[in-house]
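Asks: kindly return the folded structure for what I paste below:
(one chain, ligands or ions: 1)
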Amino acid sequence: MSSQALLKTQALTLKAGEKLLLADLDWQVLAGECWCVIGRNGAGKSSLLRCLARLRDSQGGCIQLNGKDLPSWGIEALARERSFLSQSRVDAFAYRVIETVLSARHPYHDTHYWESTQDHAIAIQALRLLDVEELAQRDVRSLSGGERQRVAIAALLAQDARLMLLDEPANALDLSHQVSVMRLLADECVGKNKAVIMVSHDLNLSYGIATHALLMMPGGEYLSGAKEQVMTAQNLSLCLGHPIESFVHGEQTLFLPSVK
Ligand SMILES: Nc1ncnc2c1ncn2[C@@H]1O[C@H](COP(=O)(O)OP(=O)(O)OP(=O)(O)O)[C@@H](O)[C@H]1O
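Replies: Residues are numbered from 1 along each chain as shown. Got it, this is the predicted structure:
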């Protein structure tokens with residue numbers, strides 16, 4: 001496994017208008033790591049992910065992807081190096097599912113337009129991994145919310161980037177698929193020397209799947225590190241502004257918010 005940082009930020013600062021979201025983030029993500037980003041509504045989790053994907057400007061500091069400054073990446077090379085799953089999507093046209101996933105292969109096409117047999121094999125394999133292969137010929141607009149989400153994640157896998165940025169990947173998924181999809185993403189990191197950074201509101205799922213956590217604290221502060229060090233009941237209570245208790249059940253660490 002390579003120990004060079006796939007992603008590195010130095011003094012990264014993010015604001016939304018006058019609101020400070022993140023101050024001076026010094027952070028490294030290595031291949032093989034699966035990070036979850038945790039914070040209350042409006043903390044800036046999506047803003048951070050979009051900034052790392054180069055879809056939004058920062059208000060200070062710098063970001064390096066695989067040792068190279070993010071602004072200096074060419075658009076196609078960037079698309080081969082990092083992928084991004086947004087929180088929502090709009091399907092304006094009647095594309096088939098397979099076409100939607102194949103479109104994620106375009107960064108590999110250079111001068112030619114049509115997808116190769118290998119692209120098709122990669123797309124079908126991604127659909128199979130996400131348990132939606134039988135939907136390949138369906139109009140994306142006819143899918144349920146959870147099916148559409150899994151097709152979007154299949155497209156992200158087909159893009160085959162080393163750094164995968166996902167904004168709430170478990171959104172709209174049933175319980176079984178929440179676990180299987182998150183487990184699949186974590187396995188991608190280890191098995192293929194990639195890294196995942198995902199926003200999640202589910203503390204139990206995050207703790208069970210991730211290796212590391214970034215907590216976006218009030219006032220632009222943050223905590224980052226191995227999940228065991230960072231995801232304590234005390235830190236999470238401060239981060240989320242609500243009392244949370246943790247307990248161990250069998251081999252699982254669980255978090256329970258107070259409902260009093
Ligand atoms: N264009 C904008 N102008 C002003 N404020 C904005 C703009 N875009 C986002 N914001 C604000 O920036 C803050 C961070 O938004 P962001 O979507 O990053 O939060 P989040 O942590 O992902 O929240 P959630 O958990 O609700 O998805 C929010 O307070 C939001 O209202």
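Asks: in this structure residue 89 contacts residue 152, no?
Replies: Yes - with contact defined as C-beta atoms under 8 Å, residue 89 counts as touching residue 152 (6.3 Å). C-beta coordinates here come from the backbone N, C-alpha and C atoms, glycine included.
Asks: between the two, who's got more neighbours?
Replies: residue 152 (22 against 12; other C-beta atoms under 10 Å).
Asks: can you give me the buried ones in the helix or strand where the more buried one lies?
Replies: Counting by DSSP states H and E, the element that carries residue 152 is helix 145-159. Buried positions in helix 145-159, judged by neighbour count with 16 or more other C-beta atoms under 10 Å: 146-159.
Asks: out of those residues, the closest to residue 173 would be?
Replies: Each of the buried residues of helix 145-159 was scored against residue 173 by C-beta to C-beta, and residue 146 proved nearest at 5.1 Å.
Asks: and residue 99, helix, strand or coil?
Replies: helix (DSSP: H, G, I helix; E, B strand; the rest coil).
Asks: separation between it and the ligand?
Replies: Distance of residue 99 to the ligand, given as C-beta to the nearest ligand atom, to the nearest Å: 29 Å.
Asks: got the contact list for the residue nearest in space to the middle of the chain?
Replies: In the chain, the residue lying closest to the centroid (C-alpha atoms, centre = their mean) is residue 166, at 2.1 Å. Residue 166 makes contacts with 49, 84-85, 153, 156, 185, 196-199, as judged by C-beta atoms under 8 Å, 6 or more residues apart in numbering.
Asks: looking at those, which is nearest the ligand?
Replies: residue 199 (6.4 Å; C-beta to the nearest ligand atom).
Asks: can you map out the helices along this structure?
Replies: 45-52, 75-81, 97-102, 117-129, 145-159, 175-192, 203-209, 227-230, 233-240 (DSSP state H).
Asks: now those helices as JSON lines including mean pLDDT?
Replies: Below are the helices of the chain laid out as JSON lines (pLDDT from 0 to 100):
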{"stretch": "helix 45-52", "mean pLDDT": "98"}
{"stretch": "helix 75-81", "mean pLDDT": "95"}
{"stretch": "helix 97-102", "mean pLDDT": "95"}
{"stretch": "helix 117-129", "mean pLDDT": "94"}
{"stretch": "helix 145-159", "mean pLDDT": "96"}
{"stretch": "helix 175-192", "mean pLDDT": "92"}
{"stretch": "helix 203-209", "mean pLDDT": "96"}
{"stretch": "helix 227-230", "mean pLDDT": "97"}
{"stretch": "helix 233-240", "mean pLDDT": "97"}
